[in-house]
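Asks: Coordinates for the following, if possible.
(one chain, ligands or ions: 1)
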Amino acid sequence: MPAANKEEIQIWQTANPATLTPRIDDKSQQQSVLILARQGSGHAVATGQIGHAIASRATHIMFDYTQSACAIRYQIDGQWEQLPPLTREVGDAMLITLKQICQLNPADRRSAQTGKCEAKVNKDKYQLTLQSQGTASGERVLIRLDAEKVPFNVLAELGMRDTMIDQFREALNSESSSVLISSPRGMGLTSTWHVAINAADRLIRDFQSLEPENEKEIEIINISPNFYGGSTGLAPSELIRKMILKEPDVFVFPSIPDDDTLLAAMDQTAKNEKQVIARVSANSAVEACAKICAQYPKSAKHFASTVKAVLNQRIVRRLCEDCKVGFQPPPALLAKLGIPPGRVAQLFQQFVMPPIEQQVDANGKPAPIPPCSACQARGYLGRVGIFELLRPGPQFKAALLKTQDIGQLTKIAQSEGFRGLQSEAILTVARGLTSLDELKRVFAAKKA
Ligand SMILES: [Zn+2]
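Replies: All right, here's what the predicted structure looks like:
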């Protein structure tokens, strides 16, 4: 390590370190992995860096190893941010510790490896997933941090309007129905799934979920998981038959394995007053419906007759309440957004720090503006969901079995009172929760 670096305080030294624990049931085996890991010089770096990432509200950490350094990035509120790099030596030591605790091979810097462990800071627990892969210049490591406690507890906290919450709850709590929860891949579908399921009344009804054994979901209170594949030796269609015998009220599908399995569950909604709740990746609620009918043709008829509600969502950054800046929207902008004149007095945008030469007082003397302490001058703090809720009417249901044309289906849905994501997004801006810049960024992003 160059002498200069020894003097400087490194980021990993500034945070409350995380406690990292291997996912091993046998306590003595777990202990011996930990003892070995703690002996390494990278243990303090690893726990400090993970602790710092958690304190910074990072959901992902990327380490890029090149010949001389280990570059670090955090993803916070869906945006990547660069941090000061570690020296290669310190970065290597850190990675050895992380791989040991995730039960991976530290000596292998080339193959794709994936492992997990638990991370804990104070009382907050996280599931840490580490993926590493050799690259031309060294190695790339992606760490995902999933909070055990889902950050948004209620739909309102996630930004859903009250009327929509009522409508969605009603759908979730009705028999003989199917409900889809959707969003484009990587757009916060997991958070929404948890929040949405939590809105259902699971105390008086029996919820049973069907999951692949090797991709278990994070547990949700009062949902009993059932596993197929892996060591169970069960095909999903066999598992669903066993589940039907237990006569649950709700079949929960975090992912749909195949048409026959879905059909068996859908058949129960149509004939035995049961419910199906499924998670689907799609760009819109209408697309989610079309996708089910196209991919699972045998189930399509039951689905079209029972579909009660389809939720779709985008997650955007929430404007920082402490530093957001109000402005009077010009009439032309309101017209463009479809907001009637006189309805909204002001809109908000993120605070942008002016260049240093413009940070002057009335006399032109330099007067640096202190960065906002709430958001560290990012202008945004936390996230907010934009939701569309499709409650298909008779015409939409009938059309679903005849066409999968998204444009045509959307027109029919709109004629039956459906309000799409774009107009919901404008409402979110009108409520001062996010900015037009942020909408442009998210809606221009890649699709599912
Ligand atoms: Zn701020």
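Asks: And Thr129, how far from Glu215?
Replies: Thr129 sits 12 Å away from Glu215, taking CB to CB, to the nearest Å as the criterion. In short, each C-beta sits where N, CA and C put it, glycine included.
Asks: out of these two, which sits in the more crowded spot?
Replies: Taking other CB atoms under 10 Å, Thr129 and Glu215 do not tie; Thr129 has more neighbours (16 against 11).
Asks: Next, count neighbours for the residue lying closest to Asp249 once chain neighbours are set aside.
Replies: Closest residue to Asp249 apart from its sequence neighbours, by CB to CB, 6 or more residues apart in numbering: Arg205 at 3.8 Å. The number of residues packed near Arg205 is 15, by other CB under 10 Å.
Asks: what's the spacing between Arg205 and the ion?
Replies: Distance, Arg205 to the ion, by CB to the ion, to the nearest Å: 43 Å.
Asks: residue contacts, the residue nearest the centre of the chain?
Replies: By CA atoms, centre = their mean, the chain has its centre lying nearest to Gly188, at 2.5 Å. Applying CB atoms under 8 Å, 6 or more residues apart in numbering to Gly188 gives the contacts Gly78, Gln313, Arg314, Ile315, Arg383, Gly385.
Asks: so the last one is in which element?
Replies: Same thing as Gly385. strand 380-390 (DSSP states H and E).
Asks: Look at the residue nearest to the centre of the chain and report its pLDDT.
Replies: On pLDDT, Gly188 comes in at 72.
Asks: Go ahead and confirm Pro84 touches Ile9.
Replies: No: with contact defined as CB atoms under 8 Å, Pro84 does not reach Ile9; the gap is 10.5 Å.
Asks: Of the two, which one has the most company?
Replies: Taking neighbours as other CB under 10 Å, Pro84 and Ile9 compare with Pro84 leading, 10 against 7.
Asks: and the angle from the helix or strand that contains that one to strand 380-390?
Replies: Element membership for Pro84, per DSSP H and E: strand 79-87. With axes from the mean of the first three to the mean of the last three CA atoms, to 10 degrees defining the directions, strand 79-87 sits at 140 degrees from strand 380-390.
Asks: mind checking how far the closest residue to the ion within the stretch 151-300 of the chain is from Ile386?
Replies: Proximity to the ion, evaluated over the stretch 151-300 of the chain using CB to the ion, is greatest for Gly159 at 18.1 Å. Taking CB to CB as the measure, Gly159 falls 7 Å from Ile386.
Asks: Now do the shared contacts for the two.
Replies: Thr428.
Asks: Of those two, give the one with the bigger neighbour count.
Replies: Higher neighbour count among Gly159 and Ile386: Ile386, with 26 against 22, using other CB under 10 Å.
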